[in-house]
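Structure for this input, please:
(one chain, ligands or ions: 3)
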Amino acid sequence: MDYKSQINTSEVPGHIAIIMDGNGRWAKEHGKPRIFGHKNGVLSVRSVVEGAGEIGLKYLTLYAFSTENWKRPKVEVAALMQLLVATISNEVAALNKNNVRLLTIGDLKSLPGNCEKELQKAMDKTKNNTGLSLVLALSYSSKSEIVNAVKKIAKEVSENKIDVEDITDNMFNNYLDTALIQDPELLIRTSGEYRLSNFLLWQIAYSELYFSDKFWPDFTKEDLFKAVVDYQSRERRFGMTSEQLSN
Ligand code: IPE
Ligand code: IPE
Ligand code: MG
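Ligands and ions are numbered 1, 2, ... in the order given. Alright, predicted model coming up:
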């Protein structure tokens with residue numbers, strides 16, 4: 001089935017966010033160590049980023065490492081960080097060739113120094129690209145992001161820079177890591193898990209959710225297209241009735 005040709009190109013979402021899950025179980029199924037799954041997961045990232053470009057997506061956010069993932073065994077964390085550095089430095093040329101701009105959300109400062117440096121370098125080298133914005137969520141926790149936003153706002157109130165009455169949900173957006181990024185219309189999670197794992201809790205208030213049973217290393221751009229086709233079959237009512245929408 002060719003899903004790409006079924007996509008209504010005039011109604012492609014502007015932002016898709018993906019919880020890339022299942023690398024470890026995929027590796028186990030192949031009788032290999034977990035890191036083998038993470039390495040193969042990079043191939044899926046490449047395919048999905050390519051696919052996102054093909055359908056003219058503006059933002060693709062990938063949950064690559066959560067704050068909670070620091071609790072994993074040291075060797076796995078170290079291997080993931082090493083993989084991150086290698087992948088970023090390998091992919092910068094391709095990102096530039098494909099007009100992709102790299103952005104990040106999360107606590108970059110908590111990453112090993114070489115990771116942070118490599119990421120800053122890649123963001124700088126791709127900052128003028130005007131195609132897809134690829135947002136990597138790294139050492140990211142939605143609750144921390146929200147708490148940090150509250151702290152910044154509280155500070156500005158206490159310094160009389162803003163008034164309590166100025167606090168609205170629109171202005172709150174500006175204090176999040178995703179300040180300049182539109183909310184995702186579609187959130188995908190792979191590997192048959194049905195939870196959010198502390199990802200974009202504020203931003204997905206009205207996102208459509210899509211769950212795939214595939215482990216992340218088996219997920220390709222064709223699966224992304226399939227998710228978009230499914231998304232386009234849904235009616236987003238935003239609290240209204242179906243009749244109101246068709247009028
Ligand atoms: C997702 O795959 C990648 C990261 C969280 C870094 P997992 O490593 O969570 O794989 P499973 O869920 O154990 O199969
Ligand atoms: C969520 O996956 C984080 C990422 C995909 C980076 P996890 O595999 O860490 O989620 P839980 O712990 O099973 O909920
Ligand atoms: Mg997992």
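
check which helix or strand covers the closest residue to ligand 2 within the chain.
Closest to ligand 2 within the chain is Ser197: 3.7 Å, counting by Cβ to the nearest ligand atom. Just so you know, the C-beta spots here come from the backbone N, C-alpha and C atoms, and that holds for glycine as well. Counting by DSSP states H and E, no helix or strand carries Ser197.

which non-adjacent residue is nearest the residue of the chain found nearest ligand 1?
Taking Cβ to the nearest ligand atom, ligand 1 has its nearest neighbour within the chain at Gly24, 2.8 Å off. In space, and not counting its chain neighbours, Gly24 is closest to Arg34: 4.4 Å by Cβ to Cβ, 6 or more residues apart in numbering.

so who does that neighbour touch?
Arg34 is in contact with Asn23, Gly24, Ala27, Lys28, Glu76, counting by Cβ atoms under 8 Å, 6 or more residues apart in numbering.

Identify the farthest-apart pair in these.
Spatial extent of the contacts of Arg34 (Cβ to Cβ) is set by the pair Lys28 and Glu76 at 13.1 Å.

Show me what the most centrally placed residue in the chain bridges to in the sheet.
For the chain, Thr61 is the residue whose C-alpha lies nearest the centre (Cα atoms, centre = their mean; 2.2 Å). Beta bridges link Thr61 to Ala17, Val135 when assigned by DSSP bridges.

Wait, it touches Asp183, no?
No. Contact criterion Cβ atoms under 8 Å: Thr61 and Asp183 do not qualify, at 10.4 Å.

shared neighbours, the two?
In contact with both Thr61 and Asp183: His15, using Cβ under 8 Å, 6+ apart.

after the longest helix seen in the chain, next one along is what?
Across the chain, the helix with the greatest residue count (assigned by DSSP state H) is helix 74-97. Downstream of helix 74-97, the next assigned helix or strand under DSSP H and E is strand 101-105.

Report all helices and strands that that next one contacts.
For strand 101-105, the packing partners by 3 or more Cβ pairs under 8 Å, 6 or more residues apart in numbering; DSSP states H and E come out as helix 74-97, helix 113-126, strand 133-140.

what's the closest of those to Ile16?
Proximity of those to Ile16 was assessed by Cβ to Cβ; the nearest stretch is strand 133-140, lying at 10.4 Å.

roughly how far is that closest one from the heart of the chain?
Distance, stretch centre to chain centre, for strand 133-140: 6 Å (Cα atoms, centre = their mean, to the nearest Å).

Following the chain past that strand, name the next helix or strand.
Defined by DSSP H and E, the subsequent element after strand 133-140 is helix 142-158.
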